Structure formats: C-alpha cells, structure tokens
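just coords:
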C-alpha cells in the first residue's frame, strides 16, 4: 500500500501540465501504467512513457484481430 506522501507525489506528477502533450501523458518517473485525466475528474489515460502502455494497447487491438483471423 502506498503511503500518503507517495500518493500525493504521484497525484502532483499527473497534475503537472509539463507532463502532458495534448491529451497524452508522458512521464518516465511515474511508475503507473494508467493515470487520472488532467482536466476531467472522470476517466483514465495511459502513461505513454511506459513501454507497458504500448504492450497493453497492442493486446487490446491485436487479440480481436487474431481471433477474427483464426475463426475465418
């Protein structure tokens, strides 16, 4: 479980506009795969500085394509 200080530090990182490139969040120091969106209180987005974000996106889009190819 994260301490209150760690949670505050992570929240401060995700609220820093310097870590956002438009709608995309990039922060190599942030260990989280998903972070809360900056301007809305609802929703999450990927930390695109993490290689796991790209692996997850490839699985989300790749698995249905592979299943479709195998079935046909």
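That came in fine, so what should we check first? Quick caveat, the model's predicted, so the values are computed rather than measured.

quick check, residue 35 in a helix?
No. Counting by DSSP: H, G, I helix; E, B strand; the rest coil, one finds residue 35 to be strand, located in no helix.

Low-confidence ranges, this structure, go.
Within the chain, the stretches with pLDDT under 70 are 1.

what's the residue nearest to the spatial centre of it in contact with, if anything?
Centrality entry for the chain: nearest residue to the mean C-alpha point is residue 46, 1.6 Å, by C-alpha atoms, centre = their mean. Residue 46 makes contact with 24-25, 33-35, 53, 56-57 under the criterion C-beta atoms under 8 Å, 6 or more residues apart in numbering. (Each C-beta comes from the backbone N, C-alpha and C, glycine too.)

Using ChimeraX, make a named selection holding only the buried ones among the residues you listed.
In ChimeraX, a selection of the buried entries from those looks like this (16 or more other C-beta atoms under 10 Å):
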select :25,34,35,53
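
With distance to residue 65 as added columns, please give the contacts of residue 46 in a markdown table.
Output for these, formatted as a markdown table (distance: C-beta to C-beta, whole Å):
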| residue | distance to residue 65 |
| --- | --- |
| 24 | 23 |
| 25 | 26 |
| 33 | 22 |
| 34 | 23 |
| 35 | 27 |
| 53 | 19 |
| 56 | 15 |
| 57 | 13 |
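
ok, now how distant is residue 60 from residue 39?
24 Å (C-beta to C-beta, to the nearest Å).

Equivalent analysis for residue 58, please.
Separation of residue 58 from residue 39 (C-beta to C-beta) stands at 27 Å.

do residue 56 as well
The gap separating residue 56 from residue 39 is 23 Å, by C-beta to C-beta.

same thing with residue 8?
20 Å.

now swap in residue 20 and tell me
Taken as C-beta to C-beta, the span from residue 20 to residue 39 is 9 Å.

neighbour-wise, which of those two wins?
residue 20 (18 against 8; other C-beta atoms under 10 Å).

Please identify which helix or strand holds residue 7.
helix 4-15 (DSSP states H and E).

quick one: contacts of that helix?
2, 19, 25, 27, 29-30, 32, 35-36, 38.

Could you rerun that using 6 Å?
With contact meaning C-beta atoms under 6 Å, 6 or more residues apart in numbering, helix 4-15 is reached by 27, 30, 35-36.
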